[in-house]
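1. Kindly generate the corresponding structure for this input.
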Amino acid sequence: MSSLAQDQKKFRKLRKTLRQIEHLNLLQRNLNQEEKNKISKRSLFREQLKQLFEKYPNGELLAYDSRDNTFETEESIITNENTSPQRQNSFEINQLSDKLNEIELQETHTNIQTNSTPEIQSVKNEQLQETIKPKIEFNKQNNESFVNQEKVEIESPKSKDEIKILKRVPDANKVKKQDVTYDAIKVIDAHQDLITSVDIDGKNELIVTGSRDTSIKIWKFDEKQKICELSKTFGEHSSIVTQVKFWNSNDYKLILENLNLNKEENEDLIDCLIELEDQFPLVISSSLDSSLRLWSVGLFKCIKEFYLYNPIKCFDMKNSFIAVGQDAGKIQLWKDFKQLAVMKPFEDTDNVVSIKFEGENKIYALSQNGYFKILAYDNLGFDEKLEIDVLEKAQEKSGAEMTRNFKQFEILDSNNLIFLNDNQSFIIGLNLENNNSYLLSTNQSSYAFSSCFFKHKNSNLAFVSSFNIDNAESVINVFGKSNKLEYLHSIEDKDQDLSISAISCSDLSFKNGFICISTGAGTTLKIFLVNNSTDILMPPRLNKVKILKMMRKFEMKNHSLTDSNDESDQEDLDDETKVETETQPKKSTCTIQ
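-> Just a heads-up that it's a prediction; the model follows:
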């Protein structure tokens, strides 16, 4: 085996190992010692990957990788200084990609039967074949060692199963958003373990974080002074905190009023609650310890604990209602702090991973296995109205291989939803009105993935995380929705080499035009202050956003989007890479970028 072939084999192993490590790091459960040992080697594996890229600066490692059947484009002119080495000699591929994007293609793969006549369909197929047929010849002087002076030919598809196309985000060069700037505040070692959830109260400039270390922390930030300070730590949960959320104190006061309407029946519950005189919000937290806790930010203490008997994955609130998603496919509906109804719309082996109130009387719920359900509720309880198998719906259109490991969904509007599946390089869109689905690329590379997203309530903006395995680059890709979801720009986290585990955005924009975005990556909390206003003179330290081109991926038949079929991926790396880890508490520090 040649030296290049050996390095390609090692390269694929390192890539897959680093992806597995990032996946382990994002799990919302306690890790065993073997998993912790693997994560502790992350920096060593990254250094080895970096050395391989430096050894082959012209992209030889990617030349014959079956996984990299991907057309990737360079960054636009304003950001081309960060273009990765393996993209620099891909001008011909970029040209072919642009030609392909000019052809009118279906949202799914190429040869799906349509309602058009056979003659029209034949003309389209001929046009497609003529465009894809041309041969691409790399610069032989720079790439002679790995192309062997041979021409790389991309054959036209022969059947609808041979090639699948993911829907590409519109050309970013047409989106004029270069005036968007941002600043950032970074809190190092905000927690002792992974930050699992984050929420922002823009009105009071507060942030709440929950962690795998079982603690909840309240942070006070000042967007003018660019500082963030810890206000209070709550540590009463006995297991991983799965979600934290600010709650309007007026809703709490409304519940007290409702309970006082029938004092005799609710006497015990009223006695354990307190009157709030401050206007600070409350915080609700859920945990795998099966409890839901209500915290007072003004009093810095837990007001009420509710024990729900099954580990809690997610929850949502609306007025005096609380909907809770749990393990074993269970959903509970509470009103005025009293259990109203319990339902098991999913199988016992399934978990509810995301739940939201929508409209006047609807609850949307998503299970880990990818089943989405719409429930109708009232003061008496709730019942099921609709079920959709999101994975099946996405696969029948795109043909992409996905696992039943969904993480969350967001509501774009009353008819449009987006779903995130198992750290993929794309998100799934679903239109409830016409029952159509699509895949939208959210990354520049097949070895970059999205781990979370968040929809801003008071605008059409959606913020999607992206982490590139090859260069450990973490960015927030910003999408906007008019008729459909479109890529706008990217906020680069220049000194963050971990995937984002949680993201949130303030409901309100600040008076000076800033929108506050908060992320958790590993144990680090970060606050991005993004400005969309062109009327304000920005401080010189603010960074301009990037405008990137999202990838367009061609996935060949039987090749998974996430798993390599190379036998070398099943082997372990050498034992000499083992590194001991230390798990000592660290003090949080705050820095300004």
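
2. Please make it C-alpha for all contacts and neighbour counts, starting now.
-> Will do.

3. Show the contacting residues for the residue nearest to the spatial centre of the chain.
-> With distances taken as CA atoms, centre = their mean, the chain has C452 as the residue nearest its mean C-alpha position (2.0 Å). C452 is in contact with K407, Q408, L420, V464, S465, I500, S501, A502, I503, counting by CA atoms under 8 Å, 6 or more residues apart in numbering.

4. Number of residues surrounding the fifth one?
-> Number of residues near S465 (other CA atoms under 10 Å) recorded here: 26.

5. all numbers from here: first residue = 17
-> Let's use 17 as the start, then, which means that last one is S481.

6. Where does it sit: helix, strand or coil?
-> For S481, the assignment made with DSSP: H, G, I helix; E, B strand; the rest coil gives strand.

7. Quick check: the residue lying closest to D394 once chain neighbours are set aside vs A518, distance?
-> Of all residues not flanking D394 in the chain, N377 sits nearest, at 6.6 Å (CA to CA, 6 or more residues apart in numbering). N377 sits 28 Å away from A518, going by CA to CA, to the nearest Å.

8. which one of the two has more residues nearby?
-> Using other CA under 10 Å as the criterion, N377 and A518 rank with A518 on top: 26 against 12.

9. Show me the beta-bridge partners of the more buried one.
-> G536 (DSSP bridges).

10. contacting residues for it?
-> I211, T212, S213, V214, C468, F469, T535, G536, A537.

11. By neighbour count, which of those residues wins?
-> I211 (33 neighbours).

12. is it true that that residue touches I516?
-> No: distance between I211 and I516: 9.1 Å, which falls outside the contact criterion (CA atoms under 8 Å).

13. Are there residues contacting both of these two? Which ones?
-> Common neighbours of I211 and I516, counting by CA under 8 Å, 6+ apart, are G536, A537, G538.

14. What distance do you get for the second one to N459?
-> Meaning A537. Relative to N459, and taking CA to CA, A537 is found at 18 Å.

15. what do you get for the last one?
-> Distance of G538 to N459, given as CA to CA: 20 Å.

16. Could you list the low-pLDDT ranges of the stretch 217-366 of the chain?
-> The stretch 217-366 of the chain contains residues with pLDDT under 70 at 293-294.

17. Now do the helices in it.
-> Here the stretch 217-366 of the chain has its helices, by DSSP state H, counting those that start in this stretch, at 265-276, 283-287.

18. The stretch 367-516 of the chain too?
-> 406-414.

19. That one: strands as residue ranges?
-> Counting by DSSP state E, counting those that start in this stretch, residue ranges of the strands within the stretch 367-516 of the chain are 368-374, 378-383, 387-393, 398-405, 422-427, 432-437, 442-447, 452-457, 464-465, 469-471, 477-484, 489-497, 501-509.

20. V203 touches T540, doesn't it?
-> Yes: under the criterion of CA under 8 Å, V203 makes contact with T540 at 5.9 Å.

21. any residues in contact with both of those two?
-> By CA under 8 Å, 6+ apart, no residue touches both V203 and T540.

22. Look at V595 and report its pLDDT.
-> V595 carries a pLDDT value of 42.

23. residue ranges with poor pLDDT in the stretch 417-566 of the chain?
-> Residues of the stretch 417-566 of the chain meeting the criterion pLDDT under 70: 524-529, 548-557.

24. Including distance to V546, could the contacts of C468 go into TSV?
-> TSV is the format used below for those (distance: CA to CA, whole Å):
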residue	distance to V546
K423	26
Q424	24
L436	24
V480	15
S481	15
I516	18
S517	20
A518	18
I519	14
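
25. ok, of the residues you listed, which one's closest to E280?
-> The closest of the contacts of C468 to E280 turns out to be Q424 (CA to CA; 41.1 Å).

26. quick one: contacts for that closest one?
-> Remark: with contacts taken as CA under 8 Å, 6+ apart, Q424 is in contact with V369, S370, L382, F435, L436, N437, C468.

27. farthest-separated two in these?
-> Of all pairs drawn from the contacts of Q424, the greatest distance, 14.7 Å, lies between L382 and C468 (CA to CA).

28. Next, the contact list for the spatially closest residue to K54 that is not a sequence neighbour, please.
-> Counting by CA to CA, 6+ apart, I37 is the residue found nearest to K54 once chain neighbours are left out, at 6.8 Å. If you count contacts by CA under 8 Å, 6+ apart, I37 has them with K54, I55, R58.

29. Can you list the low-confidence ranges for the stretch 17-166 of the chain?
-> In the stretch 17-166 of the chain (pLDDT under 70), the answer is 17, 79-166.

30. repeat that for 80
-> Across the stretch 17-166 of the chain, the ranges flagged by pLDDT under 80 are 17, 44, 75-166.

31. Distance of L275 relative to Y268?
-> Distance of L275 to Y268, computed by CA to CA: 11 Å.

32. Kindly report the same for E400.
-> Note on E400: its distance to Y268, by CA to CA, is 28 Å.

33. Looking only at neighbour counts, state which of these two leads.
-> The neighbour comparison of E400 against Y268 (other CA under 10 Å) goes to Y268, with 20 against 14.

34. Skipping its backbone neighbours, what lies nearest that one in space?
-> S336 (7.4 Å).

35. Next one: that neighbour from K471, what distance?
-> 23 Å.

36. That's all I had, so thanks and see you.
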